[in-house]
Each structure stands twice: as structure tokens, then as C-alpha cells.
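Enquirer: Provide a 3D model corresponding to the input given below.
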Amino acid sequence: MAGTDAEELGDALRKASRMVVFTGAGISTASGIPDFRSPGGVWSRMKPIYFEEFVGSEAKRREAWTRVFTGAAGWVGKEPNAGHHAVARLVASGKASAVITQNVDNLHQASGVTDNQIIELHGNASYATCLACGLRHELEELRPAFVERGEIPVCRACGELVKTATISFGQQMPEEPMLRAEAETHLSDLFLVLGSSLVVRPAALFPAKAKQNGARLVIVNRDETPLDDIADLVLHKDIGPMLTAAMRDLN
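Expert: Residues are numbered from 1 along each chain as shown. Model (predicted):
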């Protein structure tokens, strides 16, 4: 007789020795961060600003920074939820070697996962970087000049364009995180997908690669995904409660 969903997920977690956790927007909706594509999601309320538009148009840069400092996209400033905390416990226990995330909300860091165990495929919205020299800029340091004087941020070191550290549409994927994600995927014996639609490439290729390499593939997501048919376990459940229940007896 089959066990409950939580028991099946718990059994998969117990048997894993080198797990990779792969997270998408669905893990953060319980924190009040909207996803991208569903009705009411970010892109149904505002058009994305493409990288070439940001670089080539002062008006688009101003629009982008207005979104940042008004919090229009709603990607930052929230608190981790039960799903994030459960993932942090998996990492702290040694079961999970890395968290590969499509999210830019910094909530895995806020839940206690260290930077060196998080692989951000689409960057991070909680700070900015110079597009020329790569220098990090904190948003609160950039805020006064833009909000009070209307000055579009530029790098304090080289004077070139500064942009939030997210990967925009049309912007090249970061090489180092992609290589790290590839390596962790190859070494994993369980690939746990939490809250990803698995339609955005190249990020969505990693679960299939893990499965091809012999890892078990487990998907916990509200809606169906293109990889449900090849997964070892698929649960259309709320991530926080499901993962918390599954980990109750995890050693």
C-alpha cells in the first residue's frame, strides 16, 4: 500500500546522500512575492525591460530604476516562508549540497543558506552591479541620488552603467553559476524541484540532465510541468507544508 505524499517525499529525502534543490518562483509566492507568468503575475502587470533597452535608452533605465525604488515588481523586502526554512535545514543537515535557484529575491540567503551553497541562475534583485567593472553597489546607497535628485545610478568607481544584479531578458547568462549548476547536477543522486514551471531554458534543462545521469527526480509544484512524465515523484502540493511534513522524521 502506498504511503502518504509526505511519507513518499520523506523516503526520497532519507535515501539521498547528495541532493540538489532547484527552486523557482513557486517557493516564494507564500512570502508574498508574485510569480512571473500566471494571471496577476509580474509580467501581466508590467512589460519586462530587455537588456538592450536598458543599455540603449535613458528612458528605459529611468523606468527600470523607478520600478526598483518604488518596489513595483515586489521581488525584495519579504521574509522567508516555511519552504525556504525547510530547504535551509536540508542544506544544514548535509543532505543538500547546493540550492540552484531561478529566483532573484534573496530569500534563501535570508533563511540561512550561505552564499557559497546558493547558485543564482538569474541573479539577485537585492543589490546592483556595474555592467563594466562588476563592482557591487548596495541599493540603499543608490537610492538618494535617484529618488531625491533624479540621477540615474552610475558606478562610483568607473562611471559606467549600473543595473540591479538580475539577469534581464536578452542578457547573457552568467557563466560561472551555469558551470557550478552543471557540476552539482552531474553529482546529485536526488534532484528536488520546488516551485518551478520548468519552462524557462536553459535553467529547465538541469532536472532532465540529473535524471539522465541516474539521479531521482522529484517535483513539488502547484501546476503540471513538462517533466512530470519522467519524474520519479510528482506532488501538486503547497511546498512549505509538504516539505515540512516530509522532513519530520528526517535524520
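
Enquirer: so where do the helices sit in the protein?
Expert: Assigned by DSSP state H, the helices in the chain fall at 5-15, 42-45, 51-56, 58-70, 82-93, 107-110, 139-149, 175-187, 205-212, 239-246.

Enquirer: Now Asp249: phi and psi?
Expert: phi -110, psi 20 (degrees, to the nearest 10).

Enquirer: And it, how far from Tyr127?
Expert: 39 Å (CB to CB, to the nearest Å). All C-beta atoms are positioned from the backbone trio N, CA, C, and that covers glycine.

Enquirer: more crowded one of the two?
Expert: Per other CB atoms under 10 Å, whichever of Asp249 and Tyr127 has more neighbours is Tyr127, with 18 against 12.

Enquirer: Model confidence for the more buried one, exactly?
Expert: On pLDDT, Tyr127 comes in at 94.

Enquirer: my guess is it meets Thr164, correct?
Expert: Yes - under the criterion of CB atoms under 8 Å, Tyr127 makes contact with Thr164 at 7.4 Å.

Enquirer: Which neighbours do these two have in common?
Expert: Shared contacts of Tyr127 and Thr164, defined by CB atoms under 8 Å, 6 or more residues apart in numbering, comprise Leu139.

Enquirer: Identify the residue nearest the geometric centre of the protein.
Expert: Computing the C-alpha centroid of the chain and ranking residues by CA atoms, centre = their mean puts Asn103 first, at 2.1 Å.

Enquirer: for the stretch 51-200 of the chain, which spans come out with low pLDDT?
Expert: 73-76 (pLDDT under 70).
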